[in-house]
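Colleague: no sequence for this one, just the structure:
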């Protein structure tokens, strides 16, 4: 049994506590922490009782806590991660790793210096059955080298505070991590194309956008990001290879004949769409943490995502092709 | 140029006159006939001018008429067909060949006695691209012997005068002809299963029905006939073979993402669904008639359809497996 | 934590032990039993250590065993089930409940007499996401009453010892349970149609078959059972309702463009096809057993399946429509 | 009957002669012309006899020729088109209008000066049922403004003399014309992205390419051009609108279950893929020419295509976003 401490007891934190308590095999939430003590107490109740902290550092250093789950706001991640590294405890950290590439680098350096792989970052799409099937097809060698990826990330709608750079930081961030993992490559440059804006957007949000990424091997990626598409939460990915093209499966729903049409449901909620991926991700982390290893997205992946996101935001502003320049990948992460 | 005389100037007759005049290559409507002279005159105008008759026999015997198109009500077909055989003219006759198996047999015998293949019956589905593709797949030998056919014939709704036997005579009649042609076989027995009746039906109509046919080679066919299915005119056919299963293509429409669903249109009108098949059928008849041959459904096919329909209607009443007993196929039709 | 004892340590038994040990939350295999002690010892090792019995009765009566998992051969189920009922322990029993309708009735009577719902039968399809989605659609009321079900149960191939009645007992048995549950009804009559036999079958096996079932509400079901279809393990189900038709989703795989075709995988292995259903089924049983309830398929469902299967086997022989006559459903199971 | 003279009797010319002779209603090929007299004589035989010319000018000026069909090599179009304009005869001209934007402009000016709409350019895709359905959906207003188009133009393979600019001139030229027509807009800028080259290409051909076009209203278009994709001739088009996304139907083929997959044919030949479009295009030209009108792609569309193609070829070389600058559209073409 892995004794887990959870830092951050908002909506997402409570979801993870329920998951760890009711669905995951081999884990137990033994401590929770939140600056709002009431929230922490509610969360403890969801776990069937757990120690309550208001300072994440105390939770991390509690000897009853084997491993730490960080679901606090992004700005608080760096401190908790550095403390967990110092304590030598395994961590699951919801994305982002940190809010700046610089902080990400600090975490990467600290983990490398510790000599132990401790951090798994919460990019759940790598655990989605659809992406996994595509990756297996690519690995099979039957389709040759991937050359082009066509992707969409469509949301039914977003709140009025959602602005142009959030299309990168809150939305395309998932493609940023998933796609380079899918083709086992790193990014080289970024460009953003701004089509006519939908009538459902507002002055602070250019919507839709087409984000273009090129990898070091020369794979070219286009991602349509359309966060007020109205019709659904619609994630697609087609990989065009030298010997065939592979399109990720869409979620599985009955086909209905009614009203002069045959139709199939499109999800509207990202948590429904990726529910199984969240479960698999956390189960995998628990299984690995018990064996003292990490095999999911690393702190280095978090650093790459931050640098790539910065380049895309710059490209949104300049309209130019922007280079994506990262530090040399440390031997530790190879 | 084939000079065509059209007998029967109702809605379907006018459609065929417009088709022959505006879409078909190599034909000209030179005469029309209808017991209602006004209707005939309107039809003649659609052809850009044509002789007007009120007696089909006169049209048939007009030396300017090379070939005859019969679109009159079913009960009038026998007389016209026998006259055309006597006149030695090629005929396209809309289904049914005649309203009784006995009359069909009379026509078959007369045509065989004439020694010339003159009659093509209007079973247009044999010219539908979807069925033709399935037949080609079957002929390719790649799938081995067909063993089972699963079919649906669904209409959005029917009028209140439509009753139980009409599900055979007006609806399944198309499957009766098409399916034995598709697998190149003849029928041996029939059964009809009556499920719970839809709330959209009435006391004189059992709807839906499942019609079961067995061919002489042992192929088993199930046809769902559902004429108040509400959602569309939905024709499907899957052929299960020893080495694979072949499902006929559905009509081609864009797929639309809207309202949390991806959907594709289902036709609601049989003339839209089979518009191309009608055009191909008539063009084929014209091309063949000019060369003095017939290669579509024959009078013998009309006789088989009548006998099979009679067995299905009997099976509707008895609930039993009814034999389908036909005369020996004349050498003339082999 | 639910302490489970497993009776029967063959392939399927070992699969369930691995599942309970590695995937299911809240259960622990504490005892195993098999008449072959070696098999039982191997199974105990898979569980990370467990008591080993060679007599299921001893396992059932072990006070450390909270609940019993029966995966022994079918002929041994009756004795174990009656012992478990006597011991008042909750049971998960792989299908069949027993090998005769008479024995099934004995078990039903014993459970009813005990006054406690103890037995869940292993019809895993009720936990398959595809069927669950169809059932939810039916329950929504949006499609009106179901009238017809079209189903296929296709296997790539079967061994040479598989014969005609096994098409019912080993294959259609899944549809027998799932379909009446899906539409919340019971069966009234059965018929079996025997098409031309595929060249891949042998003298003792009529393959394919079309099995027809009618429910008490008048829903008509056709199931194509084709166990040497060669192309895959292909389970389909379409429910035709008064206000629309619902087709169960096919398993989710990428679509691949290669060799002049776009294609999607069809499973070839029933355990792969229903792997998630097995997991969900067992997790659900564990969760319920811990709360002292049963909410899956009951002993009564096992009895209904046995009576229905007997009628289908008789219908295979007679070619007639055979009635399905069951005892009155005890109040206990309502 | 429209008496047609055909200039150019190569493979494509002969195809059009067969089409005009055997499939099209209301036209007759009365004269043919080719610099190679033998080819012209063969072509005349296909038409069932026709006058033979070796100089297109003589054919154009033959008083028996009502209208002219130009299927000669592209470099010869300008002369023939100017002669036909002078003769005041209606013309169907296979693409390209001319080989330079300058020559296209000359033709446009001459036609406008003549005051009569005489020229239809052979962009057959506007007559393809798939594109027409998408255009109808766009016109319906149900989906709001189009914002993004995702397209593919994939060929199984090309000859070794096919080089990088031909990806524009011979391949994307179809998208160039079709897409602006589809959304009723004109182009503003072009960019070309060059992914890693497939192993099936050679040093003179960058394959695949992603061509990006922006229209004056701000619609952004991406076209994957991949001419050695190996798997088929695969034309796709998805229009993302404010109120829904519309994906063009794929060609209609049966779905086949075999070898653990369900698959549908992808065409491998562009003439098979667009056969119906060619027929509809030519029938439409004949019908219009007889009424003294033109309603297909105009000389102006040919000029726009030439200017756009030039910008794309420049963008292939520079890697930059290149402006597409055309003359003001003459009132004559509005």
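Modeller: On my side now, so go ahead. The shown structure was predicted, so the numbers you read here are calculated from the model rather than taken from an experiment.
Colleague: what's the pLDDT at the residue lying farthest from the centre of chain A?
Modeller: Residue farthest from the centre of chain A, counting by Cα atoms, centre = their mean, is residue A:260 at 39.3 Å. Here the pLDDT value assigned to residue A:260 is 98.
Colleague: wait, it sits on residue B:264?
Modeller: No - using Cβ atoms under 8 Å, residue A:260 is not in contact with residue B:264, being 10.1 Å away. In short, each C-beta sits where N, CA and C put it, glycine included.
Colleague: Next secondary structure element downstream of the top helix by length along chain A?
Modeller: Ranked by residue count under DSSP state H, the longest helix found in chain A is helix A:299-318. Of the helices and strands lying after helix A:299-318 in sequence (DSSP states H and E), the nearest is strand A:322-323.
Colleague: List of residues touching that following strand?
Modeller: By Cβ atoms under 8 Å, 6 or more residues apart in numbering or on different chains, the list of residues contacting strand A:322-323 from outside reads A:188-191, A:311-312, A:314-315.
Colleague: now swap in stretch A:131-139 and tell me
Modeller: By Cβ under 8 Å, 6+ apart, stretch A:131-139 touches A:125-126, A:143, A:146, A:178, A:181-183, A:237, A:239, A:241, A:246, A:248-249, C:252-254, C:256.
Colleague: now with 10 Å?
Modeller: A:125-126, A:128, A:143-146, A:149, A:178-179, A:181-184, A:235, A:237-239, A:241, A:244, A:246-249, A:277, A:280, C:252-254, C:256, C:265 (Cβ atoms under 10 Å, 6 or more residues apart in numbering or on different chains).
Colleague: thinking again about what came up before, got the contact list for the residue farthest from the centre of chain A?
Modeller: Contacts of residue A:260 (Cβ under 10 Å, 6+ apart): B:156, B:230-234, B:263, B:265-268.
Colleague: about what we covered before: need the mean per-residue confidence for the longest helix of chain A.
Modeller: Mean predicted lDDT for helix A:299-318 stands at 98.
Colleague: Could you check it against chain D for contacts?
Modeller: No - Helix A:299-318 does not reach chain D (Cβ under 10 Å from any Cβ of the partner chain); its nearest approach is 12.0 Å.
Colleague: Pull the distance from that helix to the chain's centre.
Modeller: With Cα atoms, centre = their mean, to the nearest Å as the basis, helix A:299-318 stands 14 Å off its chain's centre.
Colleague: who does it touch, helix- and strand-wise?
Modeller: Packing partners of helix A:299-318 (3 or more Cβ pairs under 10 Å, 6 or more residues apart in numbering or on different chains; DSSP states H and E): helix A:77-87, strand A:90-94, helix A:101-114, strand A:119-122, helix A:173-183, strand A:187-193, strand A:209-215, strand A:322-323.
Colleague: still on that earlier bit, when you check chain D, which of the contacts of stretch A:131-139 turn up near it?
Modeller: Answer for these near chain D (Cβ under 10 Å from any Cβ): A:143-146, A:149, A:238, A:241, A:244, C:253, C:256, C:265.
Colleague: Just the buried subset of those, please.
Modeller: Neighbour counting with 16 or more other Cβ atoms under 10 Å in any protein chain shown marks A:143, A:145-146, A:149, A:238, A:241, A:244, C:253, C:256, C:265 as buried within these.
Colleague: Against chain B, which of the residues you listed make the cut? List them.
Modeller: Within those, nothing lies near chain B by Cβ under 10 Å from any Cβ.
Colleague: can you list these in CSV and add secondary structure and pLDDT?
Modeller: CSV is the format used below for these (DSSP: H, G, I helix; E, B strand; the rest coil; pLDDT from 0 to 100):
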residue, secondary structure, pLDDT
A:143, coil, 98
A:145, coil, 98
A:146, strand, 98
A:149, strand, 98
A:238, strand, 98
A:241, strand, 98
A:244, strand, 98
C:253, coil, 98
C:256, strand, 98
C:265, strand, 98
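Colleague: As a markdown table, the helices and strands packed on helix A:299-318 with mean pLDDT would be great.
Modeller: As requested, these are exported to a markdown table (pLDDT from 0 to 100):
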| stretch | mean pLDDT |
| --- | --- |
| helix A:77-87 | 98 |
| strand A:90-94 | 98 |
| helix A:101-114 | 97 |
| strand A:119-122 | 98 |
| helix A:173-183 | 98 |
| strand A:187-193 | 98 |
| strand A:209-215 | 98 |
| strand A:322-323 | 98 |
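Colleague: any idea which of those is most buried?
Modeller: Each of those was scored by mean neighbour count; the highest is strand A:119-122, a mean of 26, by mean count of other Cβ atoms under 10 Å in any protein chain shown.
Colleague: For the residue nearest the centre of chain A, grab phi and psi.
Modeller: Closest residue to the average C-alpha location of chain A: residue A:123 at 2.6 Å, with Cα atoms, centre = their mean. Main-chain dihedrals, residue A:123, degrees, to the nearest 10: phi -90, psi 90.
Colleague: how about it, what does it touch?
Modeller: A:94-97, A:173-174, A:176-178, A:181, A:277, A:281, A:296-297, A:301-302, A:305.
Colleague: Give me every residue in the stretch 151-300 of chain A that's in contact range of chain C.
Modeller: Within the stretch 151-300 of chain A, the residues that sit near chain C (Cβ under 10 Å from any Cβ) are A:237-241, A:243-259, A:262-265, A:276, A:283, A:287.
Colleague: if you set the cut-off to 8 Å instead, what comes out?
Modeller: Proximity of the stretch 151-300 of chain A to chain C, by Cβ under 8 Å from any Cβ of the partner chain, involves residues A:243-258, A:264.
Colleague: So which of those residues sit within strands?
Modeller: A:244-247, A:255-258, A:264 (DSSP state E).
Colleague: and the two most separated of those residues?
Modeller: Greatest spatial distance among these (Cβ to Cβ): A:244 and A:258, at 34.9 Å.
Colleague: what's the burial count for the nearest residue to residue A:302 once chain neighbours are set aside?
Modeller: Distances taken as Cβ to Cβ, 6 or more residues apart in numbering or on different chains place residue A:97 nearest to residue A:302, at 2.7 Å, with adjacent residues excluded. Residue A:97 is flanked by 32 other residues according to other Cβ atoms under 10 Å in any protein chain shown.
Colleague: so how far is residue C:190 from residue A:97?
Modeller: From residue A:97 across to residue C:190, the span is 62 Å (Cβ to Cβ, to the nearest Å).
Colleague: before we move on, what about residue A:245?
Modeller: 47 Å.
Colleague: mind checking the end-to-end distance for stretch A:237-257?
Modeller: 27 Å (Cα to Cα, to the nearest Å).
Colleague: Show me the domain layout of chain A.
Modeller: A:2-125+A:276-297, A:129-268+A:304-333 (the TED database).
Colleague: What residue in chain A comes nearest to chain B?
Modeller: residue A:263 (3.5 Å; Cβ to the nearest Cβ).
Colleague: Kindly state the beta-bridge partners for that residue.
Modeller: Taking DSSP bridges as the rule, residue A:263 bridges to residue A:256, residue B:263.
Colleague: List the residues that contact it.
Modeller: Residue A:263 touches A:255-256, B:261-264, counting by Cβ under 8 Å, 6+ apart.
Colleague: any idea of the pLDDT on it?
Modeller: 98.
Colleague: Could you do residue A:295 as well?
Modeller: In this model, residue A:295 carries a pLDDT of 89.
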